[in-house]
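In: 3D model of this:
(one chain, ligands or ions: 3)
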Amino acid sequence: MEAKMKVPTKKPLRPHSAHWGVFLAGDDDDGSLIVRPHPSDPDPNPIIHNFPDALEHRARVAQPMVRQGWLEDGPGPDARRGRDRFIPMQWDEVLDLLAKELRRVQTAHGAGSVFGGSYGWSSAGRFHHAQSQVHRFLNTAIGGYVRSVNTYSAGAAEVILPHIIGRIDQVARRNVTWDQIAEHSEVVWAFGGLALKNARVASGGVSLHLERGAIQRAAARGCRFFGISPQRSDMPDEACSEWVCVVPGSDTALMLGLAHTLMTEGLHDRAFIASHCHGWPEFEGYLLGRSDGIPKSAKWAAGLCGVDERAIIELARGTAGKRVLITVAHSLQRAEHGEQPVWMALVLAAMLGQIGQPGGGYGYAMGTLAHYGRRNNVVPVGALNQGQNAIKDFIPVARIADMLLNPGGMLEYNGLNLRYPDIKLAYWAGGNPFHHHQDLMRLAEAFRRLDTFIVHEIAWTGTARHADIVLPCTMTLERDDIGAAQTDPLMVAMRRIRKPHGVARDDYDIFCDLSRRLGTYEDFSDGRDAMGWLKHIYEPTRQALADKGLDAPSFEEFWETGELRLPQAADDGGMLRAFRHAPRDNPLPTPSGRIQITSPVIAGFGYDDCPGHPAWIPPKRPPSPEHPLWLVANQPASRLHSQLDFGAHSQSSKVNGREVCTMHPGVASERGIIDGSLVRVFNDRGAFLAVARVCEDMHPCVVQIATGAWLDLRRDGDGVAMCVHGNPNIVTFDAGTSRLGQGTTGQLCVVQVERYERDAPDVTAYEPPF
Ligand SMILES: Nc1nc2c(c(=O)[nH]1)N[C@H]1C(S)=C(S)[C@@H](COP(=O)(O)OP(=O)(O)OC[C@H]3O[C@@H](n4cnc5c(=O)[nH]c(N)nc54)[C@H](O)[C@@H]3O)O[C@H]1N2
Ligand SMILES: Nc1nc2c(c(=O)[nH]1)N[C@H]1C(S)=C(S)[C@@H](COP(=O)(O)OP(=O)(O)OC[C@H]3O[C@@H](n4cnc5c(=O)[nH]c(N)nc54)[C@H](O)[C@@H]3O)O[C@H]1N2
Ligand SMILES: [Mo]
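Out: Ligands and ions are numbered 1, 2, ... in the order given. As a prediction, the model looks like this:
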């Protein structure tokens with residue numbers, strides 16, 4: 001949806017920041033909120049148009065609420081959680097109750113029984129970052145909490161990359177840049193595409209959306225982009241790309257077929273492999289089939305990935321003499337064996353010998369977030385110090401349901417054996433597990449085992465509905481903050497534009513009042529109010545600017561001006577450039593100091609689902625006669641995850657208030673589905689309803705729906721759990737990528753689709769639950 005153009009207001013607009021972009025906001029003469037793109041942004045993100053009618057939306061939480069069953073019967077496992085009534089309360093009453101419950105759990109079970117992982121993106125401001133707030137609170141008030149490590153975004157990559165090349169931020173944030181692509185790349189193999197919808201988002205905010213322009217410049221220079229994906233739409237029109245339509249989850253096979261062709265045609269760089277890589281011979285044995293009798297030829301690969309043998313051979317030959325970049329979207333590793341395409345793409349890039357060359361080599365995650373492929377600021381941007389956590393227990397983030405369902409159970413992870421703690425209380429602020437987690441009915445079961453579940457939310461998300469205590473908090477635009485990211489040159493004074501909705505309070509103020517009750521206020525607040533903290537967080541940036549002899553405005557000047565331009569480092573190619581030119585002087589942070597084509601460390605773990613070199617491992621849950629289609633559950637274009645799903649821009653992407661499910665004409669016609677049909681997508685775990693869109697430009701074994709529609713749960717005629725709004729996580733599978741990474745596998749699962757012939761149930765996802 002394009003911006004609703006209103007007559008310009010006479011009142012000044014002020015800059016503000018969201019993960020989806022820096023924008024201008026202010027009150028219109030009639031009191032409504034106006035938002036405008038930031039004037040310096042060449043390609044603004046239309047998601048800003050979710051703000052105006054979100055502020056006062058009925059889905060906002062307006063008052064503290066406590067679940068009736070919890071209030072009447074006290075803490076404890078409860079099957080009513082998620083189905084119960086809520087009772088409104090006053091702040092003083094609810095904080096008294098909550099402080100008492102925190103003390104009880106701490107005394108009876110210890111801080112090690114509190115889960116404070118609280119995964120989620122919350123808002124862009126660096127001070128009111130809810131996850132940091134809840135961590136600091138639990139550290140100071142009860143001495144710590146069980147935490148989570150890694151992310152839903154890149155759980156597999158974050159674990160495997162350090163074994164084979166280096167930390168993810170060195171590979172994604174300080175490596176090949178968009179400017180290099182514009183100027184130098186001649187061939188780009190984009191596994192999972194380079195979808196601009198994704199690249200226009202970055203935590204902390206982004207003022208300069210430069211990806212579209214860079215892709216346009218590259219294409220105009222003659223760079224050939226290949227979008228390797230089950231959906232053509234993953235490449236922007238500007239790339240003028242060629243589409244390599246691949247079966248989901250089969251990229252490792254395709255990559256092996258490409259590697260085999262490069263090798264047998266002598267197109268691989270033996271010298272680079274010898275000087276910069278470790279463990280080639282063992283991998284070569286696998287590639288050629290010496291170790292298992294199966295040469296990973298283009299023909300072999302074609303049978304698995306659905307790409308023609310000829311096309312694979314041509315793709316490989318097209319690299320001869322060219323500057324080639326291989327990118328891998330995060331999506332490929334949010335699937336079973338997600339470590340493999342991350343590793344195999346690195347091996348392919350190593351075979352082409354261009355790692356560290358401008359515009360060539362390995363651009364892991366390019367195009368999936370606006371952090372990647374950019375220059376970095378030379379001055380730091382501050383953050384809220386989270387304090388010390390005395391509890392050592394942790395889980396890989398996506399193992400939350402396993403942890404709650406199996407206290408005392410064991411988990412293999414990255415060479416470790418972890419024991420699941422016995423969690424009594426979970427405290428969440430700034431995330432929506434009933435958006436982000438898989439197999440939501442299993443998750444609901446897991447949360448029912450708790451004594452107490454506390455959620456701070458701006459709105460009645462699925463998570464808030466499953467809580468015992470729901471505390472209403474302010475959203476951005478209702479409080480002062482600082483927006484900044486290490487990869488963006490604009491720091492923004494995010495001044496409050498609206499008064500809080502209802503009696504909502506800042507997360508910080510809620511934690512201050514709780515800390516007072518627990519006697520830990522001084523530790524939590526350090527004696528600062530919110531403005532005091534903003535000054536404190538600004539100071540390292542100001543100091544670093546002053547140290548460099550640059551213009552270093554005082555906090556007051558910054559706050560008044562509203563923006564501060566930060567200097568950025570030159571594009572030096574980062575760790576990989578240095579390594580390329582002098583591998584002995586600049587070794588990689590891997591055991592061999594080189595690119596690990598084989599990893600003795602990983603081999604030593606003995607995991608059959610992640611062996612010592614990249615390998616094709618068939619999916620454990622492939623399509624079957626009952627569930628013949630792959631469901632791709634990817635990121636939404638019209639919002640960030642589930643945030644402000646009730647906003648106008650997100651709403652404009654729905655049909656009759658439901659999410660759209662895209663499918664190939666073949667899938668549709670076999671089932672009597674036409675454009676606009678209501679469809680039911682289901683498997684053994686559950687079902688969702690959505691509106692069909694028929695589209696030629698996708699793989700005929702795939703249906704796709706974006707994540708982020710708020711859960712709206714009913715039982716269908718057969719008693720199966722069904723989301724009538726279109727939340728795909730009701731059908732996704734809850735298992736780790738492998739014993740190495742234990743990342744989420746939510747991107748892909750298998751389903752069946754049918755026309756929904758019964759009466760269409762109303763969508764009530766935004767109606768408060770009382
Ligand atoms: N099937 C499937 N599932 C997926 C994915 C997938 O590809 N497929 N992708 C995964 C990925 S990559 C990610 S990162 C996750 C995202 O999962 P989340 O980060 O959990 O999703 P968000 O919707 O951003 O949740 C943020 C929540 O914080 C709330 N919030 C905003 N500001 C504030 C604030 O100031 N204070 C408080 N207390 N709350 C606030 C918002 O209302 C929202 O409910 O989803 C994952 N889930
Ligand atoms: N507008 C918007 N942008 C976002 C977000 C958002 O919620 N909204 N979320 C942000 C976050 S937190 C993250 S982590 C990133 C995620 O970035 P990604 O993980 O890259 O994003 P997705 O859209 O989930 O996936 C990209 C594409 O990969 C393709 N794909 C899926 N499975 C396969 C496969 O097996 N093989 C191949 N070759 N392709 C496949 C799908 O067609 C999909 O459209 O996006 C960020 N950007
Ligand atoms: Mo993510």
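In: okay, now the domains of the chain?
Out: 87-150+386-473+500-547, 155-368+576-599, 629-755 (automatic domain parsing).
In: when you scan the shortest one, is anything in it near ligand 1?
Out: Yes: in this structure, domain 629-755 sits against ligand 1 according to C-beta under 6 Å from any ligand atom; the contacting residues are 633-635, 640-643, 707, 728-729, 732, 746-747. The C-beta positions use only the backbone N, C-alpha and C, and glycine is treated the same way.
In: any chance of these in a markdown table, plus distance to V171, secondary structure and pLDDT?
Out: What follows is the residues of domain 629-755 next to ligand 1, written out as a markdown table (distance: C-beta to C-beta, whole Å; DSSP: H, G, I helix; E, B strand; the rest coil; pLDDT from 0 to 100):
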| residue | distance to V171 | secondary structure | pLDDT |
| --- | --- | --- | --- |
| A633 | 25 | strand | 98 |
| N634 | 22 | strand | 98 |
| Q635 | 21 | coil | 98 |
| L640 | 24 | coil | 98 |
| H641 | 24 | coil | 98 |
| S642 | 28 | coil | 98 |
| Q643 | 27 | coil | 98 |
| T707 | 25 | coil | 98 |
| P728 | 29 | helix | 98 |
| N729 | 28 | helix | 98 |
| T732 | 27 | coil | 98 |
| G746 | 22 | coil | 98 |
| Q747 | 20 | coil | 98 |
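In: any chance of the residues you listed in JSON lines, plus neighbour count?
Out: Listed next are the residues of domain 629-755 next to ligand 1 as JSON lines, based on neighbours: other C-beta atoms under 10 Å:
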{"residue": "A633", "neighbour count": "23"}
{"residue": "N634", "neighbour count": "26"}
{"residue": "Q635", "neighbour count": "21"}
{"residue": "L640", "neighbour count": "22"}
{"residue": "H641", "neighbour count": "20"}
{"residue": "S642", "neighbour count": "28"}
{"residue": "Q643", "neighbour count": "27"}
{"residue": "T707", "neighbour count": "21"}
{"residue": "P728", "neighbour count": "30"}
{"residue": "N729", "neighbour count": "30"}
{"residue": "T732", "neighbour count": "26"}
{"residue": "G746", "neighbour count": "23"}
{"residue": "Q747", "neighbour count": "27"}
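In: mind exporting stretch 86-93 as CSV, just the C-alpha atoms?
Out: Taking Å, rounded to 0.1, in the frame of the first residue of the first chain, the C-alpha atoms of stretch 86-93 are listed here in CSV:
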residue,chain,number,x,y,z
PHE,A,86,-8.7,-12.2,32.4
ILE,A,87,-9.5,-9.9,35.3
PRO,A,88,-8.4,-6.2,35.1
MET,A,89,-6.3,-4.9,38.0
GLN,A,90,-4.7,-1.7,39.2
TRP,A,91,-0.9,-1.3,38.9
ASP,A,92,-0.2,-1.3,42.6
GLU,A,93,-2.2,-4.5,43.2
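In: so who does G166 touch?
Out: By C-beta atoms under 8 Å, 6 or more residues apart in numbering, the contact set of G166 is M575, L588, P589, T590.
In: oh, that last question was meant for V632, not what I typed.
Out: P230, Q231, P248, V702, V703, Q704, I705, Q747, L748.
In: next, count neighbours for the closest residue to the third one other than its chain neighbours.
Out: Pointing back at P248 there. Setting aside the residues directly before and after it, P248 is nearest to W630 in space (C-beta to C-beta, 6 or more residues apart in numbering), at 4.4 Å. Neighbours of W630 under the rule other C-beta atoms under 10 Å: 24.
In: need phi/psi at W630.
Out: Comment: the main-chain dihedrals of W630 come out as phi -80, psi 130, following degrees, to the nearest 10.
In: picking that back up, PyMOL command to pick out the buried ones of the contacts of G166?
Out: The buried subset of those, as determined by 16 or more other C-beta atoms under 10 Å, is captured in PyMOL by this line:
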select buried, resi 575+588+590
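In: which bits of this protein sit near ligand 2?
Out: Counting by C-beta under 6 Å from any ligand atom, the residues of the chain near ligand 2 are 153, 191-193, 195, 197-198, 201, 228-231, 234, 246, 248-249, 251, 329-332, 335, 368-369, 632, 634-637, 640-641, 747-748.
In: which element is the closest residue to ligand 2 within the stretch 351-500 of the chain on?
Out: Per C-beta to the nearest ligand atom, T368 is where the stretch 351-500 of the chain lies closest to ligand 2, at 3.5 Å. Secondary structure assignment for T368, by DSSP states H and E: no helix or strand.
In: surely it meets Q333?
Out: No: T368 sits out of contact with Q333 when judged by C-beta atoms under 8 Å, with a separation of 10.5 Å.
In: show me which of these two is the more surrounded one.
Out: Ranked by neighbour count (other C-beta under 10 Å), T368 and Q333 place Q333 first, with 33 against 26.
In: tell me which element the residue nearest to A530 when sequence neighbours are not counted falls in.
Out: Excluding its sequence neighbours, the residue lying closest to A530 (C-beta to C-beta, 6+ apart) is Y508, at 5.8 Å. Counting by DSSP H and E, the element that carries Y508 is helix 507-518.
In: point out where the stretch 1-150 of the chain drops to low pLDDT.
Out: 1-10 (pLDDT under 70).
In: which SS state does I48 fall under?
Out: Per DSSP: H, G, I helix; E, B strand; the rest coil, the secondary structure class of I48 is helix.
In: ok, the one 10 residues further on next?
Out: R58 falls in the coil class when you classify it by three-state DSSP.
In: isn't it right up against E767?
Out: Yes: if you go by C-beta under 8 Å, R58 and E767 touch, sitting 7.3 Å apart.
In: now the common contact residues for the two.
Out: Common contacts of R58 and E767 (C-beta under 8 Å, 6+ apart): none found.
In: list the beta-bridge partners for the closest residue to D675 other than its chain neighbours.
Out: In this structure, D675 finds its nearest non-sequential neighbour in V694, 5.0 Å apart by C-beta to C-beta, 6+ apart. Taking DSSP bridges as the rule, V694 bridges to M663.
In: give me the nearest residue to H57, chain neighbours excluded.
Out: Closest to H57 by C-beta to C-beta, 6+ apart is F646, at 5.2 Å.
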